[in-house]
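A.B. asks: could you work out the structure for the sequence below:
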Amino acid sequence: MKKPIIIFVNYLPFNYSGLSIYPFIIIEKNNYSYKLLKHEYIHFLQAKRYTPIIFFIRYIMQLILVGYKLNIYELEADGKIKCKNKNKLSK
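C.D. replies: The predicted structure follows:
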């Protein structure tokens, strides 16, 4: 799939503003912004890069090991680090 399916909803649980579950990007209508859409789109690309299941496992492992703020997938989605190749994320 080349493009995500973007869905706007009135409410997302857990105080989320957006969520990417390949091939969907789900955005809460009241919190929509280009920055949020871009962030979730990068998660879409990450899932595509690693395959959705592998990405999910790696994402959860990052959450367990380093937490949300230092999660390399969140840092990449926030533009704080760039992916040089599909197997290594670096600054």
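A.B. asks: name the residues of stretch 57-72 that are buried.
C.D. replies: Tyr59, Gln62, Asn71, Ile72 (16 or more other C-beta atoms under 10 Å). From N, CA and C alone the C-beta is placed, and that goes for glycine too.
A.B. asks: oh, that last question was meant for stretch 42-49, not what I typed.
C.D. replies: For stretch 42-49, a neighbour-count test (16+ other C-beta under 10 Å) marks Ile42, His43, Phe44, Leu45, Gln46, Ala47 as buried.
A.B. asks: ok, the residues you listed vs Ser17, which is closest?
C.D. replies: For the buried residues of stretch 42-49, the residue nearest Ser17 by C-beta to C-beta is His43; the value is 12.7 Å.
A.B. asks: hang on, that closest one packs against Pro23?
C.D. replies: No. Judged on C-beta atoms under 8 Å, His43 makes no contact with Pro23 at a distance of 11.5 Å.
A.B. asks: how about the strands in this structure?
C.D. replies: Here the chain has its strands, by DSSP state E, at 5-9, 18-21, 24-28, 82-85, 88-90.
A.B. asks: quick one: these as JSON lines, columns for mean neighbour count too.
C.D. replies: Shown next, in JSON lines, are the strands of the chain (neighbours: other C-beta atoms under 10 Å):
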{"stretch": "strand 5-9", "mean neighbour count": "12"}
{"stretch": "strand 18-21", "mean neighbour count": "19"}
{"stretch": "strand 24-28", "mean neighbour count": "18"}
{"stretch": "strand 82-85", "mean neighbour count": "11"}
{"stretch": "strand 88-90", "mean neighbour count": "11"}
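A.B. asks: for those strands, could you give me CSV that also reports mean pLDDT and distance to Lys35?
C.D. replies: Listed next are the strands of the chain as CSV, based on pLDDT from 0 to 100; distance: least, C-beta to C-beta, whole Å:
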stretch, mean pLDDT, distance to Lys35
strand 5-9, 98, 15
strand 18-21, 96, 10
strand 24-28, 98, 11
strand 82-85, 66, 17
strand 88-90, 42, 20
